[in-house]
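the following comprises the amino acid sequence and a computationally predicted model.
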Amino acid sequence: MEKRFDEKTKSALFEYVLRLADDNIIIGHRLSEWCGHAPMLEEDIALANIALDCIGQASALYSLAAKIDGAEKNEDDFVYFRNENQYKNLLLVEQPNTDFAYTVARQFFYDAFTIYFYDELSKTGLDPLAAILTKAVKEITYHLRHCKVWMLRLGDGTLESNQKLQSAVNDLWRFTGEMFFKDETDKFLFQQKLIPDSQQVKNKWNKLIEETFREAKIKVPNTLPNTAKGGRIGFHTEHLGHLLAEMQIVARSFPGAKW
């Protein structure tokens, strides 16, 4: 980092950047699982490209986390050689693809959050992080536009497509509150004026969600949006362990191999 911070602030920043990187690598992997299996060729390519963007963002964030930490680590160390409870990603992004509507809803919730959150976070004065997030916002603008189109096509399509999307929204809704959850790390960095107010982001997110649901003929679930959380402190659903086993098997089977 270009600015000088005390050890407590550096530790909090490391944790915070690592969380952002974990979000991106996990959702990038989930999207990559559609490669060769998407409902049409154009969508196969689109999802693969979005996955590559997310993984690219993760790589840049892991590199920054290593610089903050000052340890002799690289992106591969963070991705392939940490266990499930060492990952700090949102529970939302680790949820399985289930079906195409489920993937669309999951991506829409996430992109609707990051488009506003990254934009605000890039203005806090952390120059290396701002550079990464400014580029990311340009990519997420496309991601959000793409998945919003599918929200409208599925929601306002056939009875079956509407039901599948509504079912996905109902199931994923409980994970959305975690995006705005604040623990001691968040509170400390906010006091230092290094991260934005999550409530401002939440207000914008809520407005976009409500507008899109109304246009897509999707109902807002009755359940509370914050009933599932724990990812930020290493408590995950059973799905992450299976994902990591697949993602890490080659690197762990041949440690130190050069590609």
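Great, that's in hand. Numbers count the residues shown, from 1 in each chain.

ok, residue 233 to residue 239 distance?
Residue 233 is 17 Å from residue 239, where distance means CB to CB, to the nearest Å. (Each C-beta comes from the backbone N, C-alpha and C, glycine too.)

in the stretch 151-259 of the chain, which spans are helices?
Per DSSP state H, counting those that start in this stretch, the stretch 151-259 of the chain carries helices over the ranges 159-176, 184-191, 198-216, 238-253.

which residues touch residue 193?
Contact analysis of residue 193 by CB atoms under 8 Å, 6 or more residues apart in numbering lists 124-125.

wait, I meant residue 183
232-233.

pLDDT at it, what is it?
According to the prediction, residue 183 has pLDDT 91.

do the same with residue 222
85.

give me the neighbour count for it.
Using other CB atoms under 10 Å, residue 222 has 7 other residues around it.

for it, give its distance to residue 149.
Distance, residue 222 to residue 149, using CB to CB: 27 Å.

quick one, which of the helices of the stretch 151-259 of the chain is packed in tightest?
Comparing those by mean neighbour count (mean count of other CB atoms under 10 Å), helix 159-176 comes out on top with a mean of 19.

what helices or strands is that helix leaning on?
The helices and strands touching helix 159-176, judged by 3 or more CB pairs under 8 Å, 6 or more residues apart in numbering; DSSP states H and E, are helix 91-94, helix 100-121, helix 127-155.

in a markdown table: the helices of the stretch 151-259 of the chain, plus distance to residue 95.
Shown next, in a markdown table, are the helices of the stretch 151-259 of the chain (distance: least, CB to CB, whole Å):
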| stretch | distance to residue 95 |
| --- | --- |
| helix 159-176 | 7 |
| helix 184-191 | 22 |
| helix 198-216 | 17 |
| helix 238-253 | 6 |
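
for residue 48, which of these is the nearest?
Residue 48 sits nearest to helix 238-253 of all these, at 15.9 Å, using CB to CB.

who does that closest one touch, helix- and strand-wise?
Packed against helix 238-253, as judged by 3+ CB pairs under 8 Å, 6+ apart, are the following elements: helix 7-32, helix 75-80, helix 91-94.

of all those, which lies closest to residue 188?
Nearest of those (CB to CB): helix 7-32, 5.3 Å.
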